[in-house]
Every structure is written in C-alpha cells, then in structure tokens.
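>>> got a structure for you, letters missing:
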C-alpha cells in the first residue's frame with residue numbers, strides 16, 4: 001500500500017512538473033511574441049494591449065464632430081491601426097467632411113521635399129484639397145469658410161526641422177484667428193523622449209525651425225500643440241481653442257514603428273531614427289542618399305575618401321533631381337548600426353574633416369537654418385570636439401526641458 005501511494009505521488013509530481021514546464025515554455029514563447037509586437041503594443045497584467053493612436057481613439061472625438069462641418073489636415077500618415085485612412089473612416093461614420101488640407105509632400109505623400117503642391121480634388125472621395133505648402137502655408141480665411149471644426153492628424157518624427165510641426169503652427173494660428181476649434185489627434189513620437197541638439201535662436205527662425213526648441217524635442221505632436229498654445233508662440237500671442245485626443249496604452253519609452261512612411265525619403269525605422277542626425281548634411285555638399293533606396297541611412301559625396309562603400313544617386317520617387325545625380329559618392333553605410341539615442345554629430349564632423357579639397361564650400365546657407373544657429377558651423381570649422389559642442393547645448397536643453405514638463409501627456 002505504501003509502495004502504491006509513493007508511486008502515485010511520483011506520477012503526480014512528474015505530471016505537475018511537465019505541466020509547469022509546459023506553461024513556462026508557453027510563457028517564454030508569449031514573451032518572445034510580445035517582444036516582437038512591442039513596437040506597437042504594451043503589456044498590462046500579462047495581456048498584450050495595443051497602442052491606440054488618437055485616430056483610433058474615436059470614441060473621444062466622434063461626438064465632437066456630430067452636426068458639424070469638418071475640415072481635416074492630413075496626408076498618407078492619417079490612418080488607423082487597421083490601415084483604414086481617417087478620411088474614409090470619417091465618411092463611413094457620416095461625418096460631414098468639407099475639405100482636406102494637405103501639408104508638404106501632398107495628401108498622398110508622394111511629392112519631393114520642397115516641391116510645389118497644387119490645390120485639387122481627391123480622386124477617391126471627390127473632396128477638395130487645399131495645399132498648405134509653397135506660398136500658402138497658412139489657410140486663408142476664405143479657405144476656411146463653412147468649417148465649424150478642424151481636425152489635425154499628421155505623423156511627426158520628433159525633429160524640429162520636420163515641417164509638419166510648422167504646418168501645425170500655421171493651422172493653429174488660422175483657427176485662432178477665425179474662431180474655429182482644433183482637434184489634434186495625437187500619435188506616438190518614433191524617437192521617443194530624446195531631447196537633444198542646439199536650441200534655435202530666434203533670428204534664425206524659418207519654416208524648417210519656427211520655435212526656440214532643440215533639434216530633437218522629445219514630444220508627441222499633441223504635446224507640441226499644447227506647448228505652442230501655452231507659450232503663446234502664435235502671431236500676436238493668440239491662442240486657439242485646442243483639444244488633444246490622446247493616444248492610449250502608450251508611453252514615450254516604448255519603441256514604435258510608424259503605420260505609414262511619413263514622407264517619401266523616410267522609408268523605415270532606421271531612416272527615422274537617423275533623420276535628425278543626418279539631416280544636417282542637407283546644408284552641405286554631402287548626399288544623404290536621396291535618389292537611392294537607403295535615404296537617410298547612408299551619406300557620401302565624390303569628395304570624401306573611399307573606404308569601400310559608394311553609391312550613385314539617380315532620380316526616383318521623392319527625389320526627381322537628387323544631389324550628385326549620376327555621380328559616384330563615397331561615404332558610409334549606416335543601415336545596420338544600432339539605434340541612436342541622441343543627436344549624433346560624428347558623421348558630420350568626420351565628413352567635414354575628410355572633405356579637404358572642398359572645405360570652403362562644404363557648408364551652404366541652409367545649414368544655419370537647420371542648425372538654428374551659426375555657432376555649430378563655426379565650432380566644426382574651428383575643430384571644436386564633439387564633447388565640447390555638446391556641452392555648449394547644456395543650458396539651453398535644461399531650460400527647454402523645464403518648460404516642456406508643463407505640456408507632457410505621457411510618461
């Protein structure tokens with residue numbers, strides 16, 4: 001009898017061990033799967049909970065649109081997580097959409113950077129499209145006639161010179177002046193909470209840098225709208241009637257892959273992560289890969305040293321006439337490097353030092369607009385180390401972070 005009881009207990013022990021191991025393996029598999037999905041999800045109480053963008057958070061904004069004539073500022077990034085375009089979703093919900101207002105790159109997001117976008121009509125919905133680029137960056141009063149409420153839904157990338165936040169400024173200003181409420185549907189910042197770079201000096205304000213903020217601001221576009229309003233950066237200090245529809249299940253420390261390319265030359269996560277660091281090359285004689293399939297992941301020019309990597313830019317979607325079109329460029333391939341967690345200057349400094357034959361024409365006038373200050377170019381030309389350059393940003397970054405705290409919506 002004792003023998004049978006012991007045998008029975010042994011079998012019970014083995015059974016429980018196998019079940020426990022099976023559960024452990026299952027949990028490990030779930031953990032690995034959750035890691036794969038972590039770019040778009042968070043985990044609560046061992047359950048995977050998807051991030052919801054402001055556009056997905058429709059229960060918060062659809063009631064505000066009922067019975068209203070609605071305008072929308074959006075482009076190809078204005079989609080729900082299920083890839084339905086917000087315009088199509090709103091029409092399905094019987095929202096009375098009147099007009100689409102399109103920023104740089106156009107409503108479908110296929111135009112070159114800086115290319116003139118014309119007014120037109122969306123072929124799918126028949127809605128009129130008003131271009132907010134070129135000479136019409138700010139909606140005119142006559143273009144807002146009949147609009148009761150404006151929606152703003154664009155995917156930003158967290159960099160000062162990415163012009164969607166400049167379009168946001170002008171839309172907010174126009175809404176304030178014409179007494180039109182503005183709903184900003186928030187979206188995660190793919191560069192998270194990185195705050196870095198020189199703070200723009202007011203005298204160097206332009207469409208690629210309108211406010212006195214660092215290159216990487218570490219905010220979502222909704223938070224940035226709150227800051228623009230709160231700091232009274234709009235013309236004559238006006239403030240618009242603003243409501244931010246927040247993302248759900250999101251914090252800024254979570255990695256996030258965008259649902260659509262924010263512009264033709266930011267094709268993937270790597271390019272978006274490197275964009276702020278490599279965009280400085282747009283103010284030099286060095287290519288950032290426009291005219292290739294590795295935009296903002298490589299750099300080079302005919303005047304750099306040949307270290308075994310080269311590329312030849314050719315016209316393609318988003319780059320009809322790329323820098324060094326048809327000429328072999330020598331440089332560096334950054335497609336496989338680890339994600340950067342700050343604004344990197346190493347490649348800019350290295351390229352300047354190697355560009356011995358053309359140092360006098362390495363920089364052009366656009367560089368100061370991108371940097372937001374003349375000091376950065378002067379520091380590089382004078383041979384100041386990267387550490388010293390970064391130290392010179394400290395005070396400005398500390399002041400900005402103090403101001404920024406007031407407007408944050410997420411941890």
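Arrived safely. Not measured: the values here are computed from a predicted model.
>>> Below-threshold pLDDT in the protein: ranges please.
1-48, 105-106, 108-119 (pLDDT under 70).
>>> For it, which segments count as helices?
2-36, 58-65, 86-92, 164-177, 221-230, 269-278, 346-354, 366-371, 375-381, 386-391, 394-404 (DSSP state H).
>>> Redo those as CSV? Include mean neighbour count.
Yep, even glycine has a C-beta here, placed from its N, CA and C like the rest. Converted to CSV, the helices of the chain look like this (neighbours: other C-beta atoms under 10 Å):
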stretch, mean neighbour count
helix 2-36, 10
helix 58-65, 15
helix 86-92, 18
helix 164-177, 23
helix 221-230, 22
helix 269-278, 23
helix 346-354, 17
helix 366-371, 20
helix 375-381, 18
helix 386-391, 13
helix 394-404, 14
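>>> Report the residue ranges of every domain in the chain.
What automatic domain parsing lists as the domains of the chain is 58-257, 269-373.
>>> Relative to residue 395, which of those is closest?
Among the domains of the chain, domain 58-257 comes nearest to residue 395, with 8.8 Å by C-beta to C-beta.
>>> coming back round to it: can you put the helices of the chain in CSV and add distance to residue 200?
Shown next, in CSV, are the helices of the chain (distance: least, C-beta to C-beta, whole Å):
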stretch, distance to residue 200
helix 2-36, 37
helix 58-65, 32
helix 86-92, 31
helix 164-177, 12
helix 221-230, 14
helix 269-278, 13
helix 346-354, 18
helix 366-371, 8
helix 375-381, 11
helix 386-391, 16
helix 394-404, 9
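>>> among those, which is nearest residue 201?
Nearest to residue 201, of these and by C-beta to C-beta, is helix 375-381 at 8.4 Å.
>>> and the closest one, what does it pack onto?
helix 346-354, helix 366-371, helix 386-391 (3 or more C-beta pairs under 8 Å, 6 or more residues apart in numbering; DSSP states H and E).
>>> JSON lines for the ones you listed, including distance to residue 260?
Shown next, in JSON lines, are those (distance: least, C-beta to C-beta, whole Å):
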{"stretch": "helix 346-354", "distance to residue 260": "27"}
{"stretch": "helix 366-371", "distance to residue 260": "25"}
{"stretch": "helix 386-391", "distance to residue 260": "33"}
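>>> Check the chain and tell me which residue is nearest its centre.
Nearest to the mean C-alpha position of the chain, by C-alpha atoms, centre = their mean, lies residue 157 at 1.1 Å.
>>> List the residues that contact the nearest residue to that one once chain neighbours are set aside.
Residue nearest to residue 157 in three dimensions, not counting chain neighbours: residue 272, with 5.3 Å by C-beta to C-beta, 6 or more residues apart in numbering. Contacts of residue 272 were listed using C-beta atoms under 8 Å, 6 or more residues apart in numbering, and they are 157, 190, 191, 258, 262, 266, 296.
>>> Closest to residue 387 out of these?
Nearest to residue 387 among the contacts of residue 272 is residue 191, at 22.2 Å by C-beta to C-beta.
>>> how near is the residue lying closest to that closest one once chain neighbours are set aside to residue 273?
The shortest distance from residue 191 to any non-neighbouring residue, by C-beta to C-beta, 6+ apart, is to residue 158 (3.9 Å). In this view, residue 158 and residue 273 are 10 Å apart by C-beta to C-beta, to the nearest Å.
>>> list the residues that contact both of those two?
With C-beta under 8 Å, 6+ apart, residue 158 and residue 273 have common neighbours 190, 191.
>>> Nearest residue to residue 376 in space, please, no chain neighbours.
Spatial nearest neighbour of residue 376, excluding adjacent residues (C-beta to C-beta, 6+ apart): residue 198 at 5.8 Å.
>>> Return the backbone torsion pair for the closest residue to residue 357 other than its chain neighbours.
Closest residue to residue 357 apart from its sequence neighbours, by C-beta to C-beta, 6+ apart: residue 303 at 5.5 Å. Main-chain dihedrals, residue 303, degrees, to the nearest 10: phi -100, psi 0.
>>> how far away is residue 303 from residue 195?
From residue 303 to residue 195 the distance is 34 Å (C-beta to C-beta).
>>> how many neighbours does the closest residue to residue 253 other than its chain neighbours have?
Leaving aside its chain neighbours, residue 253 sits nearest to residue 192 (6.2 Å; criterion: C-beta to C-beta, 6+ apart). Residues lying near residue 192 (other C-beta atoms under 10 Å) number 20.
>>> May I have the residues that are in contact with residue 192?
Counting by C-beta under 8 Å, 6+ apart, residue 192 makes contact with 158, 218, 252, 253, 254, 255, 256.
>>> Which members of these are the farthest-apart pair?
218 and 255 (14.5 Å).
>>> more neighbours, the two?
A count of neighbours by other C-beta under 10 Å puts residue 218 above the other of residue 218 and residue 255, at 21 against 13.
>>> Thought residue 188 was touching that one, still the case?
No: between residue 218 and residue 188 there is no contact under C-beta atoms under 8 Å: 11.9 Å.
>>> any common contacting residues for the two?
In contact with both residue 218 and residue 188: residue 252, using C-beta under 8 Å, 6+ apart.
>>> Would you agree the residue nearest to residue 357 is in contact with residue 359?
No: using C-beta under 8 Å, residue 303 is not in contact with residue 359, being 9.4 Å away.
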